[in-house]
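Asks: A structural model of the following input is requested.
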Amino acid sequence: MPMLESSAMSLAVVVLAAGQGKRMHSALPKVLHRLAGRPLLAHVLDAARALKPQQILVVHGHGGAEVRSSFGGEEVEWVEQDRQLGTGHALAQAMPKVARGARVLVLNGDIPLVRAETLQRLVDASRGGLAICTSDLTDATGYGRVVRDARKRVRRIVEHKDATARELRIREWYAGFLAAPAERLGKWLAHVKPANAQKEYYLTDVIALAAKDGVTIAVVEAQDPWEVAGVNSRHELAILERAYQNAQAKKLLEAGVALADLWRVDVRGDLACGRDVQIDVNCVFEGAVRLGDRVRVGPNCVLRNVTVGADTEILAFTQLDEATIGERCRIGPFSRTRPGVTLGDQVHIGNFVEVKASRIGTGSKANHLSYIGDAEVGARVNIGAGTITCNYDGAAKHRTVIEDDSFIGSDATLVAPVTIARGSYIGAGSTISKTTPPGQLTVARAKQVSLPNWKAPKKK
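Replies: As a prediction, the model looks like this:
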């Protein structure tokens with residue numbers, strides 16, 4: 001396929017994501033391993049999109065079908081590398097789809113913490129011809145070294161396995177990103193040969209070819225080594241996870257959030273906090289979480305896509321999922337909300353209470369050992385211990401309505417569909433399957449019987 005024509009200089013981002021990741025020892029393609037709850041490739045695509053490029057192309061290979069299906073909604077162009085013959089070969093598969101007049105930014109799908117600001121600097125620096133991203137490490141084992149001449153001009157990149165003992169002492173290393181005009185990059189790629197220890201087509205060989213052509217090679221140094229650190233093993237992934245989470249914790253502290261321990265909090269999405277929020281140890285925040293002013297989150301809690309109103313306290317070992325929580329509520333310990341829950345203000349959900357697909361009105365309480373599913377609970381309702389809304393008949397879900405000011409005695413069973421009228425009082429141990437009259441006591445349980453001549457069975 002010939003290169004596409006373009007009348008104006010545009011930006012095309014090519015993400016190399018074809019690697020198998022043998023050192024991960026996993027059937028999962030490397031770029032689908034997760035950091036902060038999201039695939040590595042998702043982080044790279046976020047950074048790419050921040051530059052507003054005209055094209056984003058992703059080169060996939062190992063597990064390509066799985067990678068593509070994991071990003072089915074992404075506006076990217078997929079390019080297959082059917083044989084993994086090196087990074088230069090991978091980029092060459094994508095170049096026919098890039099506009100001839102475009103500027104190309106090459107990224108790696110397993111370097112998840114790269115910043116858009118660094119990438120923009122790299123693109124800007126490439127206007128002189130070619131720009132590469134580097135960093136400086138005391139121990140650069142495994143990375144390609146940047147070889148300069150006596151005038152400090154970049155001449156080539158030597159991969160670790162091909163480096164001499166002298167070259168291995170170089171601390172400046174190539175971070176895996178480069179930017180160049182598409183037409184020149186395509187010409188250099190055509191001259192790359194697999195003359196190395198790996199017998200692969202190295203993308204880094206284009207640097208030597210550019211230097212030979214007299215092209216200025218600009219260097220953009222990443223200020224933070226973590227943003228250019230790649231993932232090649234479970235150990236490296238775990239280290240990057242902690243680096244990412246520690247950075248999130250520092251942002252929270254700088255915003256005024258009180259963290260019990262900055263090393264024991266995981267933000268796997270977008271966490272926004274009001275003033276004077278307190279978060280205890282081992283809490284996990286996934287998706288979009290909003291905590292209002294003075295919210296307190298106890299230890300070992302998991303919050304996923306949750307909005308919590310001001311002055312609410314979430315006690316230890318509570319899991320909230322897809323819920324909206326009002327102000328001045330008290331949730332937990334050991335409580336769970338499943339998707340579709342809305343709690344009004346001053347609601348109490350206590351220990352070992354599960355709520356699912358329900359609305360609970362202002363001032364209502366379910367303090368212990370209850371299941372509330374597919375229910376509409378009014379205001380100022382008291383739900384006693386052991387209460388169950390029987391919402392599922394084996395084929396369909398049915399709703400329970402408990403109107404304002406009702407009192408549900410302990411160990412009550414409410415068989416949906418059913419309505420507990422306003423002000424009803426349900427006697428403990430009752431099974432209710434019909435609408436109750438408002439303001440009355442309803443008791444539905446078997447008559448108590450005692451057998452005076454009964455004797456307990458004895459073991460033979």
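
Asks: What does residue 177 show for phi and psi?
Replies: With angles defined as degrees, to the nearest 10, residue 177 sits at phi -120, psi 140.

Asks: give the contact list for it.
Replies: With contact taken as CB atoms under 8 Å, 6 or more residues apart in numbering, residue 177 is in contact with 105-108, 111, 114, 119, 122, 132-133, 228. The way it works is simple: take the backbone N, C-alpha and C, and place the C-beta from them, glycine included.

Asks: And the pLDDT for residue 175?
Replies: At residue 175, the model reports a pLDDT of 90.

Asks: my guess is it meets residue 224, correct?
Replies: No: counting by CB atoms under 8 Å, residue 175 stays clear of residue 224, with 11.0 Å between them.

Asks: Run through the helices of the chain in chain order.
Replies: In the chain, the helices defined using DSSP state H lie at 40-49, 64-70, 87-94, 116-125, 182-189, 205-212, 234-254.

Asks: Out of the ones you listed, which gets nearest to residue 428?
Replies: helix 234-254 (45.3 Å; CB to CB).

Asks: Any stretches of the stretch 51-200 of the chain with poor pLDDT?
Replies: 138 (pLDDT under 70).

Asks: out of residue 175 and residue 224, which sits in the busier spot?
Replies: The neighbour comparison of residue 175 against residue 224 (other CB atoms under 10 Å) goes to residue 175, with 26 against 14.

Asks: Test for you: state the pLDDT assigned to the residue nearest to that one when sequence neighbours are not counted.
Replies: The shortest distance from residue 175 to any non-neighbouring residue, by CB to CB, 6 or more residues apart in numbering, is to residue 228 (3.7 Å). Residue 228 is assigned 92 on the pLDDT scale.

Asks: same thing with the one 3 residues further on?
Replies: The predicted local confidence for residue 231 comes out at a pLDDT of 94.

Asks: still on that earlier bit, for the residue nearest to residue 175, list the residues it contacts.
Replies: Shown in contact with residue 228 (CB under 8 Å, 6+ apart): 111, 113-114, 118, 133, 135, 175-177, 222.

Asks: Okay, the closest residue in space to residue 107 that isn't next to it in sequence and residue 304: tell me how far apart.
Replies: Excluding its sequence neighbours, the residue lying closest to residue 107 (CB to CB, 6+ apart) is residue 15, at 4.8 Å. Per CB to CB, to the nearest Å, residue 15 is found 28 Å from residue 304.

Asks: cool, residue 51 as well?
Replies: 30 Å.

Asks: Then residue 146?
Replies: In terms of CB to CB, residue 146 sits 43 Å off from residue 304.

Asks: neighbour-wise, which of those two wins?
Replies: residue 146 (26 against 20).

Asks: dump the residue contacts of the spatially closest residue to that one that is not a sequence neighbour.
Replies: Sequence neighbours aside, residue 172 is the residue nearest to residue 146 in space, at 4.4 Å (criterion: CB to CB, 6+ apart). Counting by CB under 8 Å, 6+ apart, residue 172 touches 134-136, 140, 145-146, 148.

Asks: Tell me which of those fall in strands.
Replies: Using DSSP state E, 134-136, 145-146, 148 are the members of these that sit in strands.

Asks: Mind putting the residues you listed into a markdown table with distance to residue 326?
Replies: Formatted as a markdown table, the ones in strands among the contacts of residue 172 follow (distance: CB to CB, whole Å):
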| residue | distance to residue 326 |
| --- | --- |
| 134 | 52 |
| 135 | 48 |
| 136 | 51 |
| 145 | 58 |
| 146 | 57 |
| 148 | 62 |
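
Asks: Buried subset of those residues, written for ChimeraX?
Replies: Buried subset of those, written as a ChimeraX selection, criterion 16 or more other CB atoms under 10 Å:
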select :134,135,145,146
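
Asks: of the ones in strands among the contacts of residue 172, closest to residue 436?
Replies: Relative to residue 436, the closest of the ones in strands among the contacts of residue 172 is residue 135; by CB to CB it sits at 70.5 Å.

Asks: ok, the closest one to residue 109 distance?
Replies: With distances taken as CB to CB, residue 135 is found 18 Å from residue 109.

Asks: For residue 344, what are phi and psi?
Replies: Note on residue 344: backbone dihedrals following degrees, to the nearest 10 are phi -70, psi -170.
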